[in-house]
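S.K.: Got a sequence here, can you build the structure:
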Amino acid sequence: MRGLTVTATGPLASFQDFGRPGYAHLGVPHSGAADRGALRQANRLVGNPESAVAIETTMGGWAARAHGLVVLAVTGPVTRVLVDGRGAGSHAVIGVHDGQTVEVLPPPRGCRNYIAVRGGFAVPTVLGSASTDTLSGLGPEPLRPGDRLTVGDGGGEWPPSTFAPGPPPAPHRHDLIARPGPRLDDLAVPGDLTRREWTVNPASNRIGVRLDPTGGTGPALRPGRGEQASEGVPLGAVQVPPSGQPVLFLADHPVTGGYPVAAVLTAESVDRAAQLIAGDVVRLLLT
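M.R.: Residues are numbered from 1 along each chain as shown. I've put the predicted structure just below:
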């Protein structure tokens, strides 16, 4: 049976698809790929439906050995992909033959890469999704060395091109576009959210990107009110806890929260936020 045996995972590798939308009223997070645009591109390259199950890696370090011919593509930030130690490139269709090892190295800039195989990965689903949710624990466990991954028999027509240009090198500074949130006016000085630059905290993960004031000048935001009654929190919410240090909610965010949501990132900016790494500098621009 065609598949892959995982030999290395890096900091975190997991199955992801488009997640579990529509269950927030039951307390179930959306989850799914943190960078949905990169997942779509990987699946399109190998002729899968855009929602097919793929692997999301974090800071590279992933490797696997093929059983039978496995056709795959790696997207997200441009990175080095090796087959038996030889460069194969990202953002292009690659054939990995029986017994060969494929590796995805850490990207020079950016955080998460996506590995799609033609036919998709055959993974049991929970509430209609095979996504690993790091907050609720739903879905399969994160991948571990020794896991045997089965490749499905699906796959549609080949796309017109089996190569896609990768994104330009990620800058050190990022402008993220957001719309005003329902509690923007709860900040003591609402304009402070966009006047300051923010630095990504190392404690960021699939739940959210934590931001510190650039330059270590202390909390830059002063919430006009502290905790409030819990209310629904959307993907991309910019939540402001009492520390005054914003959190950008990503795929595994909780469905409710008791701190003001000052803004909500656009879908494209959510994907960009998923690729932020510690030390990156962020500006939030309201439209």
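S.K.: Distance of His174 relative to Trp62?
M.R.: Note on His174: its distance to Trp62, by CB to CB, to the nearest Å, is 25 Å. The C-beta positions use only the backbone N, C-alpha and C, and glycine is treated the same way.
S.K.: Between those two, tell me which one has more neighbours.
M.R.: Remark: of His174 and Trp62, Trp62 carries more neighbours, 27 against 18, as counted by other CB atoms under 10 Å.
S.K.: Contact partners for the nearest residue to the more buried one once chain neighbours are set aside?
M.R.: Once flanking residues are discounted, Trp62 sits nearest to Val104: 4.6 Å by CB to CB, 6 or more residues apart in numbering. Shown in contact with Val104 (CB atoms under 8 Å, 6 or more residues apart in numbering): 10, 57, 60-63, 74, 79, 81, 90, 113, 115.
S.K.: Can you list the low-confidence ranges for the stretch 51-200 of the chain?
M.R.: Counting by pLDDT under 70, the stretch 51-200 of the chain contains low-confidence ranges at 154-171, 188-190.
S.K.: so Ser269, which of the three states?
M.R.: The three-state label given to Ser269 by DSSP: H, G, I helix; E, B strand; the rest coil is helix.
S.K.: Any buried residues in stretch 253-262, and which?
M.R.: Neighbour counts over stretch 253-262 (16 or more other CB atoms under 10 Å) mark 253-255, 257, 259-262 as buried.
S.K.: wouldn't Asn113 be in contact with Met59 here?
M.R.: No: taking contacts as CB atoms under 8 Å, Asn113 lies outside contact range of Met59: 9.0 Å.
S.K.: neighbour count winner among the two?
M.R.: Ranked by neighbour count (other CB under 10 Å), Asn113 and Met59 place Asn113 first, with 31 against 16.
S.K.: how far away is the more buried one from Ala262?
M.R.: According to CB to CB, Asn113 and Ala262 sit 31 Å apart.
S.K.: With Gly27 instead?
M.R.: Distance check for Gly27 against Ala262: by CB to CB, it reads 24 Å.
S.K.: What of Asn48?
M.R.: For Asn48, the distance to Ala262 equals 38 Å [CB to CB].
S.K.: Equivalent analysis for His253, please.
M.R.: Relative to Ala262, and taking CB to CB, His253 is found at 15 Å.
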